[in-house]
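# show me the folded form of this:
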Amino acid sequence: MLNKIKKMKSRIYQYLFVNKRPLECDGERVDIDISSNKINYNKLDMYQKSHYQRYSFASTLLTPWGITGDFACGSGYGSVMLSKKSTKVIGMDINRHVVEQIAKRYEKIENVEFVQGNLLNLSYDSLFDNIISFETIEHLKEEDIPDLFKAFSRALKPGGRLIFSTPYMQERSPEAISMGFHLTFDIDENTIKNWLTANSLQAEIIKYQNYEQHTIEDNLLKKDFIICVARKLSDSVTVS
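Numbers count the residues shown, from 1 in each chain. Presented below is the predicted three-dimensional model:
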């Protein structure tokens, strides 16, 4: 019975995300094409609305005309949104096919560069004023997440901002595990603060979001996502 359910979910996923939205393969990507600079927000689905709101929120907090990293950039539309308030945006994603496609889609936007790479192998050193990374850490094994925050800390300039989100207290259920996209669960405020503190990052703002209203709030009865804004301290640790 369980195998039948898995096969059925696989077919549904194949139809909805791979066939209908080709850039949403190999993970939970949200593909909003903003190459025309026109978005009808009311026509977005609930996943797209929540994702779009996160980038809108981040855009209000960027260091003006700084260098921004959009790490795990997915379909790249968020990188384009961030480029309107940045001197340069580097969008990185692990999926080579997706990076190739979005580089073509947004080739006319001169201050956005898309690169393929594994975030755990980031080689940037004190380059970014802002780093954005939405729906990323839950895709990593828990033992690898501290290394990701080390890489983020190293890539940020002192005083730079890290803005990221992740599912809030997602249950480690058989269903979630069988989907295979998420590898770390039960992430809460204390878990996040521990990761940050160990890497010279300090949480400044913590907010929440859910699939019902999509807006980012100080508190919600139902919390689907936690959004954190952190700043790199001046006395940064050295990352080997």
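# and Ile163, bridged to which residues?
Counting by DSSP bridges, Ile163 is bridged to Ile132, Val229.
# touching, it and Thr136? I think so.
No: with contacts counted by CB atoms under 8 Å, Ile163 stays clear of Thr136, the gap being 11.4 Å. Just so you know, the C-beta spots here come from the backbone N, C-alpha and C atoms, and that holds for glycine as well.
# who has more neighbours out of those two?
Each of Ile163 and Thr136 has its neighbours counted (other CB atoms under 10 Å); Ile163 has more, 24 against 19.
# ok, the more buried one - contacts?
Ile163 makes contact with Phe57, Ala58, Leu61, Asn130, Ile131, Ile132, Ser133, Ile227, Cys228, Val229, Ala230, according to CB atoms under 8 Å, 6 or more residues apart in numbering.
# strands of the chain, start to end?
For the chain, the strands defined by DSSP state E cover 66-71, 86-93, 112-116, 128-134, 156-167, 201-209, 225-232.
# redo these as TSV? Include mean pLDDT and distance to Asn219.
Shown next, in TSV, are the strands of the chain (pLDDT from 0 to 100; distance: least, CB to CB, whole Å):
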stretch	mean pLDDT	distance to Asn219
strand 66-71	98	27
strand 86-93	98	30
strand 112-116	98	34
strand 128-134	98	20
strand 156-167	98	16
strand 201-209	98	6
strand 225-232	98	11
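# among those strands, which is nearest Ile102?
Of all the strands of the chain, it is strand 112-116 that lies closest to Ile102, at 5.5 Å by CB to CB.
# elements contacting the closest one?
In terms of contacts (3 or more CB pairs under 8 Å, 6 or more residues apart in numbering; DSSP states H and E), strand 112-116 is packed against helix 77-83, strand 86-93, helix 96-105.
# redo that, cut-off 10 Å
Contacts defined by 3 or more CB pairs under 10 Å, 6 or more residues apart in numbering; DSSP states H and E place strand 112-116 against strand 66-71, helix 77-83, strand 86-93, helix 96-105.
# run the angle between it and strand 66-71 for me.
Per axes from the mean of the first three to the mean of the last three CA atoms, to 10 degrees, the angle that strand 112-116 makes with strand 66-71 is 30 degrees.
# partners of strand 112-116, with directions?
In the sheet, strand 112-116 lines up with strand 86-93 (parallel) (DSSP bridges).
# and the strand it pairs with, C-alpha only, in PDB?
Taking Å, rounded to 0.1, in the frame of the first residue of the first chain, the C-alpha atoms of strand 86-93 are listed here in PDB:
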ATOM      1  CA  SER A  86      21.600  46.000  -5.600                       C
ATOM      2  CA  THR A  87      24.700  46.900  -7.500                       C
ATOM      3  CA  LYS A  88      25.200  43.200  -8.300                       C
ATOM      4  CA  VAL A  89      23.400  40.000  -7.600                       C
ATOM      5  CA  ILE A  90      25.100  36.600  -7.800                       C
ATOM      6  CA  GLY A  91      22.500  33.800  -7.900                       C
ATOM      7  CA  MET A  92      23.800  30.300  -7.200                       C
ATOM      8  CA  ASP A  93      22.000  27.000  -7.500                       C
END
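# how far off strand 128-134 does that strand point, in degrees?
Going by the same axes, to 10 degrees, strand 86-93 makes 40 degrees with strand 128-134.
# buried sites along strand 86-93?
The neighbour-count check on strand 86-93 (16 or more other CB atoms under 10 Å) flags Ser86, Lys88, Val89, Ile90, Gly91, Met92, Asp93 as buried.
# alright, I will stop here.
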